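Asker: Turn this into a structure:
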Amino acid sequence: MKIFSGKNNILLTEKICSNLNIKMGEISHHTFPNGEKYVQFKENIRGNDVFLVSCRDSNINNSLMELLIMSDAARRASAGRITAVLPFFYYSRQDRKEKSRVPISAKLIMDLMESAGIDRVVTMDLHSPQIGGFTNLPFDHLTFEPVLIDYIRSKYHSLSLRDNVVLMAPDVGAVKRIEKYSSTLKSDFGFISKKRIGDEKVDLQNIVGNVKDKHVIIIDDLTESLGTLVQAAKECKRQGAVKVTCAVTHGCLTDTGMKRLSESDSIDELVHSNTTDTWGDVGFKPENVIQLDVSNLFAKAIKSIHKNESVSELDRKSTRLNSSHTDISRMPSSA
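Answerer: Now for the predicted structure:
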């Protein structure tokens, strides 16, 4: 078994390898002046079980193209099996045809990966789970749930979750996810009715559920512009919430999202995983941002795949946090 990293978020791949007590594979990356990507494996991978960890950077297309080229190189080097490990699945929001004459880009991405020689895909918290059905390749879908649940239990250990904490879904479509969290934590839940206006604006229409005198945790799979979460947090505070925490799997904040976070007095805490290296890219991390480590989940999934064992069992087991608040603690917080 050999694990190689794309050029972005190498720290996550290093932590995955550390959890497995193996050395990260050696590969060189180069970008030509015209923007073309080039990779070369620096060690023999013939017949090996190869795992390619590909994390998004600010330019998703760069990361995607890099993955496809890595896979092609591995196939031509006679790798025994190639598994793409995608902490964040590219183009996951474009999973259906909502209008005439538009693509289903998530399906196209699956076709491209299959054509590039990828034999299996591992990812975390797809925007739409149905994407796993877009291919005939084996597809393993991990969730942030066990890590986030451990964090919530640790943070609120002195309070009754049933009486003091309310979990909120940011829209009707996320209610099923919230019900799962609520069932595990034995806490109340609600949801927010909204209407999206463009890419970065939403119209929050109503909150269903009682948030007065409660610690509210809004849980979502992804945030970029933070528009929904800022409005939801503001409304929760207006209705009497004691504290509002926003928890997302993929904290892919844009410049707009970072600005909204810095200006918001309603979001007391933003929690997200290290599937993306948002704060590493900008060089600082706000004090109210907590980044939880999911490398152990990916390490266990990779080990299970390599040994032909069940991966679905990982979602049923809680993963202990290893001082997981952040991998970017060595960076200075924003002033």
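
Asker: Now do the same for whatever helix or strand Ser28 lives in: mean pLDDT, whole number.
Answerer: Secondary structure from DSSP states H and E places Ser28 in strand 27-31. For strand 27-31, the mean pLDDT works out to 96.

Asker: same deal with stretch 71-84?
Answerer: The average pLDDT for stretch 71-84 rounds to 98.

Asker: likewise stretch 111-122?
Answerer: The predicted model gives stretch 111-122 an average pLDDT of 95.

Asker: The protein: strands as residue ranges?
Answerer: 2-5, 27-31, 37-41, 49-53, 81-86, 120-124, 139-142, 165-169, 188-197, 201-208, 215-223, 243-251, 269-273, 289-292 (DSSP state E).

Asker: mind giving me a markdown table with those and columns for distance to Arg177 and mean neighbour count?
Answerer: Backbone N, C-alpha and C define where each C-beta goes, glycine included. Listed next are the strands of the chain as a markdown table, based on distance: least, CB to CB, whole Å; neighbours: other CB atoms under 10 Å:
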| stretch | distance to Arg177 | mean neighbour count |
| --- | --- | --- |
| strand 2-5 | 29 | 23 |
| strand 27-31 | 35 | 13 |
| strand 37-41 | 35 | 16 |
| strand 49-53 | 25 | 26 |
| strand 81-86 | 19 | 24 |
| strand 120-124 | 13 | 22 |
| strand 139-142 | 13 | 20 |
| strand 165-169 | 7 | 25 |
| strand 188-197 | 10 | 17 |
| strand 201-208 | 15 | 14 |
| strand 215-223 | 7 | 23 |
| strand 243-251 | 10 | 24 |
| strand 269-273 | 15 | 23 |
| strand 289-292 | 17 | 22 |
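
Asker: Mean pLDDT lowest where, among those?
Answerer: Looking at these, the bottom one is strand 201-208 with a mean of 70.

Asker: And the helices in the stretch 201-335 of the chain?
Answerer: Secondary structure of the stretch 201-335 of the chain, counting by DSSP state H, counting those that start in this stretch: helices at 227-238, 255-263, 278-282, 295-306.

Asker: can I get those helices in CSV with mean pLDDT?
Answerer: Below are the helices of the stretch 201-335 of the chain laid out as CSV (pLDDT from 0 to 100):
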stretch, mean pLDDT
helix 227-238, 91
helix 255-263, 90
helix 278-282, 72
helix 295-306, 96
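
Asker: Quick one: closest of those to Pro138.
Answerer: helix 295-306 (8.4 Å; CB to CB).

Asker: other SSEs contacting that closest one?
Answerer: Under the contact criterion of 3 or more CB pairs under 8 Å, 6 or more residues apart in numbering; DSSP states H and E, helix 295-306 touches helix 10-20, strand 49-53, strand 81-86, strand 120-124, strand 139-142.

Asker: follow-up on the earlier one: export the strands of the chain as JSON lines, with columns for distance to Gly257.
Answerer: Below are the strands of the chain laid out as JSON lines (distance: least, CB to CB, whole Å):
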{"stretch": "strand 2-5", "distance to Gly257": "26"}
{"stretch": "strand 27-31", "distance to Gly257": "26"}
{"stretch": "strand 37-41", "distance to Gly257": "27"}
{"stretch": "strand 49-53", "distance to Gly257": "24"}
{"stretch": "strand 81-86", "distance to Gly257": "21"}
{"stretch": "strand 120-124", "distance to Gly257": "20"}
{"stretch": "strand 139-142", "distance to Gly257": "24"}
{"stretch": "strand 165-169", "distance to Gly257": "19"}
{"stretch": "strand 188-197", "distance to Gly257": "15"}
{"stretch": "strand 201-208", "distance to Gly257": "13"}
{"stretch": "strand 215-223", "distance to Gly257": "7"}
{"stretch": "strand 243-251", "distance to Gly257": "9"}
{"stretch": "strand 269-273", "distance to Gly257": "10"}
{"stretch": "strand 289-292", "distance to Gly257": "11"}
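
Asker: for the ones you listed, which one sits closest to Ser312?
Answerer: Nearest to Ser312, of all the strands of the chain, is strand 139-142, at 8.0 Å by CB to CB.

Asker: what's the closest one in contact with?
Answerer: Residues outside strand 139-142 that contact it (CB atoms under 8 Å, 6 or more residues apart in numbering) are 120-126, 129, 132, 294, 297-298, 301, 305, 311, 314-315.

Asker: give me that answer again for 6 Å
Answerer: 121-122, 124, 132, 297, 301, 311 (CB atoms under 6 Å, 6 or more residues apart in numbering).

Asker: could those residues go into TSV alongside distance to Met258?
Answerer: What follows is those, written out as TSV (distance: CB to CB, whole Å):
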residue	distance to Met258
Val121	30
Val122	29
Met124	22
Gly132	31
Leu297	26
Ala301	30
Val311	34
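
Asker: Most widely separated two among the residues you listed?
Answerer: By the measure CB to CB, Gly132 and Leu297 form the most distant pair in those, at 17.1 Å.
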